[in-house]
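Asker: quick one: sequence plus predicted model below, questions after.
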Amino acid sequence: TVQSGSMIIVGVAVMMSACWTLTLGLLGCMPIAFGVYWVVAPFIKRRRHRDKENSAQTRSLVFQAFDNIKTVASFGLEEQMVQHYTDALEKQEAAAWSPWIIFGMAGPAGI
């Protein structure tokens, strides 16, 4: 938009007036940053999609267990349901510490 473009132009102008060498150095690094983004973004996007699916499966498991609690209790499947839920939570915990997520937090790859 016009506002974003004007903010970039004013920002670069202020940076140039403060220290033109540092500004040119930073602007020279921009292609590298966008190149890394272009390479890493598809991996992050796939990972987030997979994490959303895992989360949906976990919620589905909980709602199925609570909706059918009488059936679960009558067959004695409480321990099995708890184990399935614990396994699903462990998958989500492992995904939370993924290096791809860290890359996503550190750059413009927040797709």
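Answerer: Structure's in. What do you need?
Asker: what's the local residue count around Val10?
Answerer: 10 (other C-beta atoms under 10 Å). Backbone N, C-alpha and C define where each C-beta goes, glycine included.
Asker: what mean pLDDT does stretch 18-35 get?
Answerer: Along stretch 18-35, the predicted local confidence has a mean pLDDT of 91.
Asker: for the remainder of this discussion, apply numbering that starts at 38.
Answerer: Okay, residue one is now 38; in that scheme the one you just asked about reads as stretch 55-72.
Asker: helix or strand for Ala50, which one?
Answerer: Element membership for Ala50, per DSSP states H and E: helix 39-55.
Asker: which is the next helix or strand following that helix?
Answerer: If you walk from helix 39-55 toward the C-terminus, the next helix or strand you reach (DSSP H and E) is helix 57-104.
Asker: identify all contacting residues around the helix holding Ala50.
Answerer: Residues outside helix 39-55 that contact it (C-beta atoms under 8 Å, 6 or more residues apart in numbering) are 59-60, 63-64.
Asker: among those, which pair sits farthest apart?
Answerer: Spanning the widest gap among the contacts of helix 39-55 are Leu59 and Leu64, at 9.7 Å by C-beta to C-beta.
Asker: for this protein, name the helix or strand with the lowest mean pLDDT.
Answerer: Of all the helices and strands that make up the chain, helix 136-143 has the lowest average by mean pLDDT, DSSP states H and E, namely a mean of 60.
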